[in-house]
Every structure is written in structure tokens, then in C-alpha cells.
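Trainee: Sequence plus the predicted model coming up.
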Amino acid sequence: MSLRNYVIRRLLQIFVVYWVFITILFFLFRMVPGDPTSMYVIHGLSPQAREAMIARLGLDAPLHIQYFTYIQNLLTLDFGLSFTYRQPVSEVLYLRFFNTIFLMGAALIIAYFIGLLVGSMMGWKRDSSFERGGLIMALIARSSPEFWTGIVLLTVFALYLGWFPTGGIRSLDAEITTFWGRYLAWDFVWHMILPMLTGAIYFAATPLLLMRNTIIDVLDEDYIEIKEAEGFSQYRILYVHAVRNSVLPLVTIAAIMTGAAIGGSVVIETVFNWPGMGREMVRAIHAQDYPVAMGAFFLMGSVVIFMNLVADILYAYLDPRVKYD
Amino acid sequence: MIEIGMHGAVRLREIAFEIVDRIRSNIYLRAIMADTLAKFGLVTLSLYIIFAVFGPYIVPYDPMQINYGPDGTSLRLESPSSDHWLGTTNLGRDVLSQTIYGARVSIIVGFTSATISVIIGTNIGLISAYVGGRVDDVLMRLTDIAYGIPLLPFAIVIVVMLGSSLINIILAIILLQWRATARVIRSQVLSHKERPYVESAEAIGAGRLRIMYIHIFPNVLPLAYLYVAFSVGWAIITEASIAFLGLGDPTSVSWGNMIFTAYGAEVLRTAWWWVFPPGISIMLLVMSVFFIGRALERPRDFAM
């Protein structure tokens, strides 16, 4: 099978996966306690106004009609009206979506960077105290829930030392003129450091341990011995030759890491009051603002499924040995 | 007194030795005892299991009881003292008692959801890889779907829709957690499928079920154990996160809920004795299963 056919087949598979995800979402949010229409109809209306609203939203239609309307709406990013804000959910989530993507994207990049550097070093210095220490640190970081790491960092660096703000995304007096102006500002970076580190500490263990295992395998191969015989320096061999041949497994876990980051955003954003999709979902759940909760969940799943596709294709593209099966 | 007699006593001794011997020669236990971190893990895990089982008999106070000082006022945010070793909460509740009680939720959720999700995942991986073809295709798409749904947000929605109870939290975790086991077991079984021992079993006409569960399954068992350990850790972290978001089972004391309450009371800066015991407990418990799992991964080195 050629790379092109592989990509087409994978696209079709992901399409099916996405469709099932959307269907699960449809039924999941119809299990809402009490009257299923309570999800869409604002509470505290008179019976007549309620009937009118149900008719207007098409909630009196048969389930399959509702289902098609639902899919149509999702595909046009129309998630309905938020009960709390009384404005379209897509408007509520638009900026929050990017706030989450930038925070978690940065956390993932840092996690990969730490994982690659430290993990390869651990594989190189096998059976040293550096490797043992690294292993223990990785397991400790992985054992601590994100909200706990976040609370420790918050308490030490924001509450005691006062080096970083205790929460939020920018200072009150920050001026915003353009979309990119929001994110390309030192004030934003300063607010982002603690939540970003929280995520990075939790996520780094996976690429780190994987990198260590791969490097150990790669270093056993003949071409490394040849490079040593050729007299290249150890660091050059490690970081130029060995690492280059070890990054492939890191690509395969990119999708899983994205899933972890998206899930983690829910707690990390809550600890640091970060106005992102995750915290908004928690707020919506508590306030029974179901359209917002569903919209946020839909976007989270979409990002993860999209990253699954990207990682698969990237892997097939990078590894000429892959048999596309 | 019951007369056992000389012969009976010797027999009992033999049985006792036999039991001790079997435990000693258990490859998994030997793997743990050969590894310092795993030994530390075993001790820590045992401690928390004791807390979980005997909690109500160990705790000095009822965890929800409001404690009063000698002057009759409630002991709000008292720092650790000889009466309250880990101090009190903002409502005057004993932190040590809450921490000991909290072990129960973590242990129950961790071990139940891990065991069930690994059983499901192992079967899916085994069947998917060995049967192959269309079955493999369907099961792997199912796994893709499970991977497409972020765990914590999904768990939150399930808990809100079905009600916040331990059973629903466990259910939410199981519904997605099997995915990790299914994928690794599948790739492991794929490599075993081509090995001579499977081919020879096929050649003498062994049935599919027999090959899968009698021949291949014991070979992927260490990996399944490793994933039980991982899954226990992940499940404990997920449950604690749900509780930290204020969506945990309201009827039981849990570590996540303790941190949620302390965070909400905005006393992180002052009441360290309230936040650290549950936080450190989650870390220690999860660490202990990871350390044990790491040692169990290669028990075959110890099997002679």
C-alpha cells in the first residue's frame, strides 16, 4: 500500500471514529437528570413559554430528526445558547479555546523538550546514579496529580515567594488590540509559566521514559559503534546520531499526550483560574449550563481525534519502514 | 483443649512451612523483594490498605465531627498539636482522621477500576490480535474511539449525568481506561502469534480459544500486571481530580475532596497541615503501585 492510500484509509477510519464520538456525545447529553429538554431550555420559564421554546428548538421532533439537526449544528459550530451568558456558545468558547491550546501546547513542548534531553541522557548513562535519580523523579512527577503539583507550585512560587501571579491570564490593566496581541506579550507569558510548568512536569515522564528505552536500544546498534570508532565526540554521537533515530516513538505518543493535556487542562485551569475551555467546562457543569459543557467537550474530543490523525500520518511519513497495515 | 497429637502437630508444621515456602518462591514476590523501590512501594501500599480496611477503628476522631477546645469554641484551623497530630480544618475537623479515612475511596476506586479495565483490555487485545481481520478492525476502531475521548472531561460528564457516587466514578474510568491495555496487549500478542510455540500448537490442531488462553495468555500476563499497576495509579489520580473539581461522591471523605475544600477556603498559604497530608498521600499511594509494577514487569528473570 502506498503512503497515499494509507492516508486515505486512515482518513476514512478517523471519519468513522469522529462520527461515533459525535453520536456518543448526542446520547450522553440526553441522559441529563430529569427532563432531557432541560438541557436546552432555560429554567424558570412559564409552561407556555417553555412549550414555545421547545417547539422553536425542534425538541418536540422525533429523535432521529433531532439527531440530524444536531449533527448539522455541530458541523457549523452552532452549539446553541449559553444559559448563563445568554449568548451563543461558540462566542463563549472562541477565545477560551485558544487560551487552552496555547497553554497546553506550550506545556507539551516543554515536556517533550525535557523528555528528549533528560531521557536520552539517562539512556546514555545507563546504570548511573543520574539514571536512577531520573527514573525516581519521573515516577514521582507522574504520581502527583496535576492539581496537586499545581497547588504546590502556586503555594511556593506565587503565595510565599510572590514571583508569579496567583492566577488569571493577564494583568487587569493589560491592553489588547489584536488576536495575537493577547498572546505575544510578556504579561501573558508571566501568567502562563506556573500552569505551563504544572502540565509539563506531569507530561514529561512519558516521553522521558520512552526516550530512555529507545536510546538504550539504539546505542546497541552497529552504526553507533562505527561513529565511535570514527572518533566523533560522545555528545555529537548522542544528540546528532542516536537521538535522530529515536524520535519516531515520540511521534507515536503525540496523540496520547494531547489527550492527556486536554484532560489535564480541566484541573490545571481550575487551580490557576486560567480562562480556558477546561475551566469553562467545569463552571458550566456546576451551573448546569449544558450547551457550554457540551460545546467544550466536543472541541476537546475534536482536538484529540485530529491529533490522532496527524500523529499517524506523520509516523507513516517519517518511517519508510512502516508497512501501512 | 483440643488434642492434636504428635502426628497432627508435625503435619500442621509441614503445612505451615509449605505455605511459607510457596510464598517465598512466588516469582512476583521475589521480584518485589529484589528491588528496593518496590519494597518501599509494598510497605507504603500495605500501610494505606490497612488505613482503608481498618480506618474507622484507627482514627482518633470521627472525620466529620467538629472538635471543640477547652473553652468551648470550635478548633478552627488549629496547627498540629498533641491532640490533633495534623491539625484541624476550617470547620474544626481532625485532618489526620480525614486522611486515614480518605484511603478507602482511593483504594476502592483504584483497584476495582484497574482490575476490571485490565481484564477488558487484555481480552480485547488478545482477541483483536489473534483473530485478526475484521474483528481486529472493529476492535481497534473501538480503541481509537476510546482514545479520542479525553478521560477526565468524560468522567465529569458521566458523574453529572448519572449522579455522583463511587460506582459511577468507577464506571466512567473503566469505560475508557481499558484502551491502554488493549493496545499494548494486542501488539505483544501479534509478536507471539508468529512464534514457534504457537505454530506448533496450531499444527497439532489446538483450538483458537485454547491457543489464546492456555498458550499465549500466560506470556502476556506480566504485561497485564504492569498495566494493573499503571491503571491503579491513573484511576486514583482521576478520582482525586474529580473530587478536587467538587464533583466527588459527597457522602465519603476523600483526599481530592479535602484539597478541594482547603483550596476553596483559600487557606493554602497558612494551613499547610491541611493540604499536605492528602496531597502527599495521593503521591505516595500512586508511587507505591508504580514502583511495584516496575518490578513485576520482568518477573521472568526470577523464574528459574
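Mentor: Thanks, I have the structure now.
Trainee: Skipping adjacent residues, who's closest to A:Gly115 in space?
Mentor: By the measure of C-beta to C-beta, 6 or more residues apart in numbering or on different chains, the closest residue to A:Gly115 outside its immediate chain neighbours is A:Pro207, 2.9 Å from it. In short, each C-beta sits where N, CA and C put it, glycine included.
Trainee: And B:Ile170, by the same measure?
Mentor: Excluding its sequence neighbours, the residue lying closest to B:Ile170 (C-beta to C-beta, 6+ apart) is B:Ser113, at 4.7 Å.
Trainee: ok, and that neighbour, which helix or strand is that part of?
Mentor: Under the criterion of DSSP states H and E, B:Ser113 resides in helix B:95-131.
Trainee: Flag every buried residue along that helix.
Mentor: Neighbour-count burial for helix B:95-131, counted by 16 or more other C-beta atoms under 10 Å in any protein chain shown, picks out B:95-114, B:116-118, B:120-130.
Trainee: pLDDT value on residue 247, please?
Mentor: Here I'm looking at chain A. The predicted local confidence for A:Val247 comes out at a pLDDT of 79.
Trainee: nope, chain B please
Mentor: According to the model's per-residue confidence, B:Leu247 sits at a pLDDT of 91.
Trainee: wait, it sits on B:Val159?
Mentor: Yes. The pair B:Leu247 / B:Val159 is scored as a contact, 5.2 Å apart, by C-beta atoms under 8 Å.
Trainee: if we can go back for a sec, my guess is the residue nearest to B:Ile170 contacts B:Ile236, does it?
Mentor: No. With contact taken as C-beta under 8 Å, B:Ser113 and B:Ile236 are classed as non-touching, separated by 9.2 Å.
Trainee: roughly how far is whichever helix or strand B:Val184 is part of from the heart of the chain?
Mentor: Secondary structure assigned from DSSP H and E places B:Val184 in helix B:166-193. Per C-alpha atoms, centre = their mean, to the nearest Å, the displacement of helix B:166-193 from the mean C-alpha position of its chain is 14 Å.
Trainee: Quick one: the strands in chain B, in order.
Mentor: Assigned by DSSP state E, chain B shows no strands.
Trainee: which residues touch the residue nearest to B:Ile170?
Mentor: B:170, B:173-174, B:177, B:231, B:235 (C-beta atoms under 8 Å, 6 or more residues apart in numbering or on different chains).
Trainee: Name the spans of the chain whose pLDDT lies under the cut-off.
Mentor: Looking at chain A here, since you left the chain open. A:1, A:32-45, A:53, A:56-60, A:172, A:174-175, A:320-325 (pLDDT under 70).
Trainee: Actually, chain B is the one I wanted.
Mentor: The model of chain B has pLDDT under 70 over residues B:1-6, B:298-304.
Trainee: Could you check which helix or strand contains the residue nearest to A:Gly115?
Mentor: Using DSSP H and E, A:Pro207 falls in helix A:186-219.
Trainee: Which SSE is immediately downstream of that helix?
Mentor: Beyond helix A:186-219 in the direction of the C-terminus, DSSP H and E gives the next helix or strand as helix A:222-229.
Trainee: Tell me the buried residues in that following helix?
Mentor: Buried-residue list, helix A:222-229, by 16+ other C-beta under 10 Å: A:224, A:227.
Trainee: Could you tell me how far it lies from the centre of the chain?
Mentor: On the basis of C-alpha atoms, centre = their mean, helix A:222-229 is displaced by 39 Å from the centre of the chain it belongs to.
Trainee: That one versus helix A:186-219: what angle between them?
Mentor: 100 degrees (axes from the mean of the first three to the mean of the last three C-alpha atoms, to 10 degrees).
Trainee: right, and the helix or strand after helix A:222-229?
Mentor: helix A:234-236.
Trainee: A:Thr166 in helix, strand or coil?
Mentor: In terms of secondary structure, A:Thr166 is coil; the call rests on DSSP: H, G, I helix; E, B strand; the rest coil.
Trainee: for the one 4 residues further on, same thing?
Mentor: Local secondary structure at A:Arg170 is given as coil here, using three-state DSSP.
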